[in-house]
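Chemist: A structural model of the following input is requested.
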Amino acid sequence: MAVPLWWQRPGPTPTQQHRDLWLAAAAAALAAASSVLTTSMGVTAFPDPASLPEQLLWSVLLAVPLAVRRRFPTTVLLAVAVLFIAAQARQADDGLVHSAILFVALYTLGAWGNDRRQGRLVRIGVIVAMFGWLGYGLLIAALTVGAEAGGAGPLDPLLAAALYSVALNALYFGAAYYFGNIAWESARRRHELLAGQEELRRSQAENARQAVVAERLRIARDLHDVVAHHVSVMGIQAAAARRVFDRDQQAASTALRSVEQTARTAVRELQELLGVLRSEPGPPDRDGSDAAAAASGADRESAMPLAVVPRLDQLSELADQARATGLQVSYRTVGPPVPIPEAIGLSAYRVAQEALTNTIKHAGATHVDLRVRYLAQSLEVEVSDDGRGTSPAGGPGSNGSGLGLVGMRERMSVHNGELAAGPRRQGGFQVRARFPLPADAGQAESA
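Modeler: I've put the predicted structure just below:
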């Protein structure tokens, strides 16, 4: 996440403001101590220095603005610059601590001034004013000292003093200007890093949320498929056993055995599904790829650790279960079979299972046709019946919730497939699901 060039640096924290108070106090104490020592030693920078009390007053006045240097950097620099020149005009400059205070004020505007254009102009203006004041001082020195200045070097003493002062001040002001800009850029990049980390954290949280939602949808689909299909078959078989119990006990016994077998199958699949829910997830990858994989329904379904994962070639058994309810089921495949990815095979099985369940529960049909077509680049599963032709989502003669069709569409969206479900012109209801196959799906067969 890139930080825009017009980024505004946040204001100082309470801790930074407290540090500025301590800095101002320390600067005032050091300036006062320097004035006392230089005055006592008689080595002041001026031939006729101000009195010691006045020097102490100027030291305090120069240091006080540093207490709010990060909150009002422009105002602080202008105040310190004016006080610095005034103190020198009064010959109350200690020559060291006052210069350090001016350096800190100039640096602070570069590091904390949010209006970069204004801050740049103010700093340049202060530097120009300081060099003007320096030139004025050199001019006064030349007029007052004149030929009395002596030296042993090849240059004129006054020229040497001027060159030395200009070079020293250029280094002084250049360092304050440069390091102020560096501090600003460092803060900006640090903010950019923190913003990127926060964006990454939000992205990871969103991936985790999507993974949880995807897992809940998968569990809901599997629970619906397992429970709805088997319970529907058991209900039809139990009703058939009840109707023929008095006149054909052999048929009733067969129906009850089918109920028993279907119940055991349903319990086994539910136990397997619960085993998935109770299993410990593996450690997540450092790059968060587990969350991304979990958000993909295809990856999750193909990686289900079930003891028995339904496969496409088990549709014949599914047709036999539907026949046990008294429904006439025609099952056939079209085209040469090719290896199908496990995730697509599972979804195709579940779509066919849900379509048969809806036929048994809602259609009032006597015949259903189940077809599997292996096409050039896709797999197609079609279930059509001769019933009332109403959707399980509602309509005349329908009392379904519509969750089955929702689950079908969710499974199809995982694989970028197409689902068509609706009444047929010749009567009945039809569900057709088309799954696009990977480009290498048929290579193993052709090899």
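
Chemist: show me the contacts for residue 169.
Modeler: By C-beta atoms under 8 Å, 6 or more residues apart in numbering, the contact set of residue 169 is 130-131, 134. (Glycine included, C-beta is placed from N, CA and C.)

Chemist: most centrally placed residue in the chain?
Modeler: Geometric centre of the chain, nearest residue: residue 203, 2.2 Å, by C-alpha atoms, centre = their mean.

Chemist: Quick check: buried residues in the host helix or strand of residue 125?
Modeler: Assigned by DSSP states H and E, residue 125 belongs to helix 116-145. Neighbour-count burial for helix 116-145 flags 119-120, 122-123, 126-127, 130, 133-134, 138 (criterion: 16 or more other C-beta atoms under 10 Å).

Chemist: With distance to residue 49 and pLDDT added, can I get these in CSV?
Modeler: Conversion of the buried residues of helix 116-145 to CSV gives the following (distance: C-beta to C-beta, whole Å; pLDDT from 0 to 100):
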residue, distance to residue 49, pLDDT
119, 34, 91
120, 36, 92
122, 30, 94
123, 30, 94
126, 25, 94
127, 26, 94
130, 21, 91
133, 18, 88
134, 19, 86
138, 19, 79
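
Chemist: Show me which of those is closest to residue 431.
Modeler: Of all the buried residues of helix 116-145, residue 119 has the smallest distance to residue 431: 69.7 Å, by C-beta to C-beta.

Chemist: Quick check: chain neighbours aside, which residue is closest to that closest one?
Modeler: residue 113 (3.2 Å; C-beta to C-beta, 6 or more residues apart in numbering).

Chemist: The helix or strand containing residue 27: how far from the chain's middle?
Modeler: Element membership of residue 27, judged by DSSP H and E, is helix 14-41. Remark: helix 14-41 is offset 47 Å from the chain centroid, using C-alpha atoms, centre = their mean, to the nearest Å.

Chemist: rewinding a little: which of the contacts of residue 169 lies closest to residue 61?
Modeler: residue 130 (17.9 Å).

Chemist: Following element in sequence after the longest helix along the chain, please.
Modeler: Ordering each helix of the chain by length in residues (DSSP state H) puts helix 157-244 first. Moving toward the C-terminus from helix 157-244, the next helix or strand (DSSP H and E) is helix 249-278.

Chemist: Which strands or helices does that next one pack on?
Modeler: If contacts are counted by 3 or more C-beta pairs under 8 Å, 6 or more residues apart in numbering; DSSP states H and E, helix 249-278 sits against helix 157-244.

Chemist: Let me see the mean pLDDT of the helix it packs on.
Modeler: Mean per-residue pLDDT for helix 157-244: 81.

Chemist: coming back round to it: got a markdown table for the contacts of residue 169, with distance to residue 195 too?
Modeler: Below are these laid out as a markdown table (distance: C-beta to C-beta, whole Å):
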| residue | distance to residue 195 |
| --- | --- |
| 130 | 38 |
| 131 | 40 |
| 134 | 43 |
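
Chemist: between those, which is nearest residue 248?
Modeler: Among the contacts of residue 169, and counting by C-beta to C-beta, the member closest to residue 248 is residue 130, at 114.4 Å.

Chemist: Could you report the distance from the closest one to residue 114?
Modeler: 24 Å (C-beta to C-beta, to the nearest Å).

Chemist: swap in residue 249?
Modeler: Distance of residue 249 to residue 114, given as C-beta to C-beta: 92 Å.

Chemist: So for the two, which sits in the more crowded spot?
Modeler: The neighbour comparison of residue 249 against residue 114 (other C-beta atoms under 10 Å) goes to residue 114, with 15 against 12.

Chemist: Surely that one forms part of a helix?
Modeler: No: read with DSSP: H, G, I helix; E, B strand; the rest coil, residue 114 is coil and lies in no helix.

Chemist: Mark out where each domain of the protein begins and ends.
Modeler: Following automatic domain parsing, one finds the domains of the chain at 14-148, 201-278+290-446.

Chemist: mean pLDDT lowest for which of those domains?
Modeler: Minimum mean pLDDT among the domains of the chain: domain 201-278+290-446, a mean of 75.

Chemist: Show me the helices in the stretch 251-400 of the chain, by range?
Modeler: 289-295, 297-302, 315-323, 342-358 (DSSP state H, counting those that start in this stretch).

Chemist: neighbouring contacts of the third one?
Modeler: Outside of helix 315-323, the residues within contact range by C-beta under 8 Å, 6+ apart are 229, 233, 262, 329, 331, 349, 352-353, 356, 359-360, 368, 370, 372.

Chemist: Could you give me the buried positions within it?
Modeler: Quick answer for helix 315-323 (16+ other C-beta under 10 Å): 315, 318-319, 321-322.

Chemist: would you put the C-alpha positions of that helix in PDB?
Modeler: Output of helix 315-323 as PDB, limited to C-alpha atoms (Å, rounded to 0.1, in the frame of the first residue of the first chain):
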ATOM      1  CA  LEU A 315     -24.000 -43.200  -9.700                       C
ATOM      2  CA  SER A 316     -25.300 -46.600 -10.600                       C
ATOM      3  CA  GLU A 317     -25.600 -47.400  -6.800                       C
ATOM      4  CA  LEU A 318     -27.400 -44.100  -6.400                       C
ATOM      5  CA  ALA A 319     -29.800 -45.200  -9.200                       C
ATOM      6  CA  ASP A 320     -30.400 -48.500  -7.400                       C
ATOM      7  CA  GLN A 321     -31.300 -46.700  -4.200                       C
ATOM      8  CA  ALA A 322     -33.800 -44.600  -6.100                       C
ATOM      9  CA  ARG A 323     -35.300 -47.700  -7.700                       C
END
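
Chemist: so that helix versus helix 249-278, what angle?
Modeler: Counting by axes from the mean of the first three to the mean of the last three C-alpha atoms, to 10 degrees, helix 315-323 lies at 130 degrees to helix 249-278.

Chemist: One more: the last one?
Modeler: Using the same axes, to 10 degrees, the inter-axis angle of helix 342-358 relative to helix 249-278 is 140 degrees.

Chemist: any idea how far helix 342-358 is from the chain center?
Modeler: Counting by C-alpha atoms, centre = their mean, helix 342-358 comes out at 35 Å from the chain centroid.

Chemist: Remind me what that helix packs against, helices and strands.
Modeler: Contacting helix 342-358 under the criterion 3+ C-beta pairs under 8 Å, 6+ apart are the following elements: helix 157-244, helix 297-302, helix 315-323, strand 367-374, strand 378-385, helix 403-414, strand 429-436.

Chemist: If we use 7 Å, what do you get?
Modeler: Contacts defined by 3 or more C-beta pairs under 7 Å, 6 or more residues apart in numbering; DSSP states H and E place helix 342-358 against helix 157-244, helix 297-302, helix 315-323, strand 378-385, helix 403-414, strand 429-436.
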